[in-house]
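Novice: Below are the sequence and a predicted model for it; my questions follow.
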Amino acid sequence: TSEESIIRFVMRQTEFSESLVRSLLNHLGFAQETLTKPLCTLSGGEATRLTIALLFTKPSNVLLLDEPTNFIDMATIEALEKLMQIYPGTILFT
């Protein structure tokens, strides 16, 4: 639901440990205290960063990213670059 917290929303959709998910979200600019923020209060940029986080918490060996830097700031772009560098699979851009 839209009142669900960021961390609960992500944890429902992954088998990763909560500490790993918290670390990933932190790398994407979510401070620990904002992880209990309701989904309905996210800005456009935060929603985009959350979507990026979900991509990296799903078991897959291929990511298809369509203009992944739209609506995110420079710090998030840099965090995304770091995540892509350590991603063990293939990443395709459109």
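Specialist: Everything's here; your move.
Novice: can we go C-alpha only for contacts and neighbour counts from here?
Specialist: Noted.
Novice: could you pull out the helices for the chain?
Specialist: Here the chain has its helices, by DSSP state H, at 6-11, 18-27, 44-56, 74-86.
Novice: mind listing what's buried in the shortest one?
Specialist: Same thing as helix 6-11. Going by neighbour count (16 or more other C-alpha atoms under 10 Å), the buried part of helix 6-11 is 6-7, 9-11.
Novice: do the same with the second one
Specialist: Residues of helix 18-27 classed as buried by neighbour count (16+ other C-alpha under 10 Å): 21-22, 24-27.
Novice: who's in contact with L39?
Specialist: Each residue near L39 by C-alpha atoms under 8 Å, 6 or more residues apart in numbering is listed here: 1-6.
Novice: how about 6 Å then?
Specialist: By C-alpha atoms under 6 Å, 6 or more residues apart in numbering, the contact list for L39 reads 2-6.
Novice: Report how many residues lie close to T69.
Specialist: 17 (other C-alpha atoms under 10 Å).
Novice: Which residue comes closest to it once chain neighbours are left out?
Specialist: By the measure of C-alpha to C-alpha, 6 or more residues apart in numbering, the closest residue to T69 outside its immediate chain neighbours is I77, 6.1 Å from it.
Novice: Same question for M11.
Specialist: E18 is the one closest to M11 (C-alpha to C-alpha, 6+ apart), at 6.8 Å.
Novice: Against N70, how distant is the one you found?
Specialist: 27 Å (C-alpha to C-alpha, to the nearest Å).
Novice: Same question for V21.
Specialist: For V21, the distance to N70 equals 23 Å [C-alpha to C-alpha].
Novice: go on, P38?
Specialist: 23 Å.
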